[in-house]
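Student: Sequence and predicted structure below; questions after.
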Amino acid sequence: MGRLTTHILDTERGRPANGVAIDLLSVAQGGAVRLASAVTNEDGRTPAPLLEGEAFAAGLYELHFHVGPYLARTGRGSGGFLDTVVVRFGVASGGEDHHVPLLLQANGYSIYRGS
């Protein structure tokens, strides 16, 4: 059975981003439904997978990384450029593991499918 995990690395500071709220939504034609919420720990990771087992099915998902408060707390949110980073991605098979990390800087970010 597959699972969905994530973490956030603050590449500008060279450390994990802790205390960042994350929401996971399932996206369908009728709209989006929140499936899970978590806050990153000292390692920049959620304490548990956001979805796993039978709950993790093929479909379209969004991760909402609420980075604005974190950037403000670390002294880099005065311009307010990034507030919520939304990443929409598809899952062809829920039987596979998906790791979706966010590499964060105050003025930009990147995302990829990890292992």
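Tutor: Everything's here; your move.
Student: Only C-alpha atoms from now on, for both contacts and neighbour counts.
Tutor: OK.
Student: any idea which helix or strand carries residue 72?
Tutor: Using DSSP states H and E, residue 72 sits within helix 68-73.
Student: Which residues belonging to that helix are considered buried?
Tutor: Residues 68, 69, 70, 71 are the ones in helix 68-73 that count as buried (16 or more other Cα atoms under 10 Å).
Student: Next: stretch 87-107.
Tutor: 91, 94-106.
Student: still on that earlier bit, mind checking how far the helix holding residue 72 is from the chain centre?
Tutor: In terms of Cα atoms, centre = their mean, to the nearest Å, the centre of helix 68-73 is set 15 Å apart from its chain centre.
Student: now for that helix, which elements pack on it?
Tutor: Counting contacts by 3 or more Cα pairs under 8 Å, 6 or more residues apart in numbering; DSSP states H and E, helix 68-73 is packed against no other helix or strand.
Student: average pLDDT for it?
Tutor: Regarding helix 68-73, the rounded mean pLDDT is 94.
Student: cool, and stretch 101-108?
Tutor: Mean pLDDT, computed over stretch 101-108, is 95.
Student: And it, end to end?
Tutor: 14 Å (Cα to Cα, to the nearest Å).
Student: Show me the contact partners of that stretch.
Tutor: 6-12, 71, 76-77, 81-82, 109-114 (Cα atoms under 8 Å, 6 or more residues apart in numbering).
Student: ok, now stretch 58-71?
Tutor: 17-28, 77, 80, 82-94, 106.
Student: Show me these that map onto strands.
Tutor: Of those, the ones assigned to strands by DSSP state E are 21-28, 84-91.
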